[in-house]
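Undergrad: give me the fold of what follows.
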Amino acid sequence: MTSNKLIEIDHLSYDYPDGTPALRDIHLEVYQKESIVILGPNGAGKSTLLYHLNGTLMGEGEVIVLGIPVEKENLKEIRRRVGLVFQSPEDQLFCPTVFDDVAFGPLNMELDENKVRQRVEKALEMMGLKGFEGRSTHHLSEGEKKRVALATVLSMDSEILALDEPTDNLDPAGSRMLIERIQSIPQTKVIVTHHLPVAVDLCERAILLYGGRKVGDLSIGELLKDRALLERFGFDGDYAQWMYERNVKFKGSKSK
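TA: Numbering: from 1, shown residues only. Okay, here's the model as predicted:
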C-alpha cells in the first residue's frame, strides 16, 4: 500500500447465510482525507460493503485497512481505527446516559479517567451536544441520537469513519444539522446514502453498486452531469442538473 492509501479491497465477494449473493468481485481503493459515497438501489450491497471495513462482515477476497488485513486476529485493532456508525442509533446506544455511551470505547481502550473525559467532551462538542452528558438517550430526538452515535466513534479517535445512511429518518432541519457536523470532521469518510443531496454535500467521489457489483467510480461532478446514469439509479435527472449548476456556482463563489 502507498502511504496515503487507507483502504484497499481486492476481489471481495460475499454471500448471505442463505446463499444469496451480496457482493461480487469488488475492487476499491480509498485515500487519506477522501470522502466517498456508496450509491445504489436497495439490495445493491451498499451496507454489506461498508460492514466489511471493520470486520462486522467478512467475505472472500482481501480487505486491508491502514495496512492491516481485516482478519479475525486483527479485529480489535481494526475496530479501534475504523469507526462504524450504523443506520439505526438504537443498534449503537445501550448505556444509561450519553456520557456512558460515548465513554464506552475509550474505557475499553483502558485510557485513564482524565483522558476518557477529555475525549467524551471533545466528541460531544464536535456534535453540538455539550451539556447532554447526563441525559438518557431514550429521551432524545432521532437527530440527537444519531449525533450521539457518531460521537461514540469520534471518542475513539478513529482514522476512518464508515457511516450507514446517516440522515435516514431525519427531518430537513435535523438532516442539515447532522450534515454540517459531518462536514466538520477531518477524518477519511465512507458514507452509504440513498439521498443524492447528502452525497453532494458530503463527498467528492461516488462508488456505484448494482446487483452486488461495482459499476462506477467517478467524481460527484461527473455523476451529476451523467443524466442517463443517474436515471438508471433512480435519481431525477433535472434535479441533478440543478444540483450540479448550484454546486459549480457555490464552488466558484468560494474561490473568489
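
Undergrad: do a quick rundown of the strands in the stretch 51-200 of the chain.
TA: Listed in chain order, the strands found in the stretch 51-200 of the chain under DSSP state E, counting those that start in this stretch are 60-65, 68-69, 82-85, 160-164, 188-192.

Undergrad: contacts for the fourth one, please.
TA: Read that as strand 160-164. Residues from elsewhere that reach strand 160-164, judged by Cβ atoms under 8 Å, 6 or more residues apart in numbering: 6-7, 30, 47, 50, 53-54, 65-66, 81-87, 150, 153-154, 182, 185, 187-192. Yep, even glycine has a C-beta here, placed from its N, CA and C like the rest.

Undergrad: and the strands of the stretch 51-200 of the chain as a markdown table, adding mean pLDDT?
TA: Converted to a markdown table, the strands of the stretch 51-200 of the chain look like this (pLDDT from 0 to 100):
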| stretch | mean pLDDT |
| --- | --- |
| strand 60-65 | 97 |
| strand 68-69 | 97 |
| strand 82-85 | 96 |
| strand 160-164 | 97 |
| strand 188-192 | 98 |
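
Undergrad: so, low pLDDT: which residues of the stretch 1-150 of the chain?
TA: Of all residues in the stretch 1-150 of the chain, those with pLDDT under 70 make up the ranges 1-3.

Undergrad: which residue is nearest the centroid of this protein?
TA: Nearest residue to the geometric centre of the chain (Cα atoms, centre = their mean): Leu163, 2.1 Å.

Undergrad: show me the beta-bridge partners of it.
TA: With DSSP bridges as the criterion, the beta-bridge partners of Leu163 are Val85, Ile191.

Undergrad: now it: how far from Arg147?
TA: Here the distance between Leu163 and Arg147 works out to 12 Å (Cβ to Cβ, to the nearest Å).

Undergrad: distance of the residue nearest to the centre of the chain relative to Val192?
TA: Separation of Leu163 from Val192 (Cβ to Cβ) stands at 7 Å.

Undergrad: now Arg227
TA: Plainly put, Arg227 is 23 Å away from Val192 if you go by Cβ to Cβ.

Undergrad: distance between stretch 168-176 and the chain's centre?
TA: Using Cα atoms, centre = their mean, to the nearest Å, the mean C-alpha position of stretch 168-176 is found 16 Å from that of the whole chain.

Undergrad: what mean pLDDT does that stretch have?
TA: Averaging pLDDT along stretch 168-176 yields 93.

Undergrad: helix or strand: which one has Leu224?
TA: Secondary structure here is read from DSSP states H and E; on that basis Leu224 sits in helix 220-225.

Undergrad: what of Asp217?
TA: With DSSP H and E as the criterion, the answer for Asp217 is strand 213-219.
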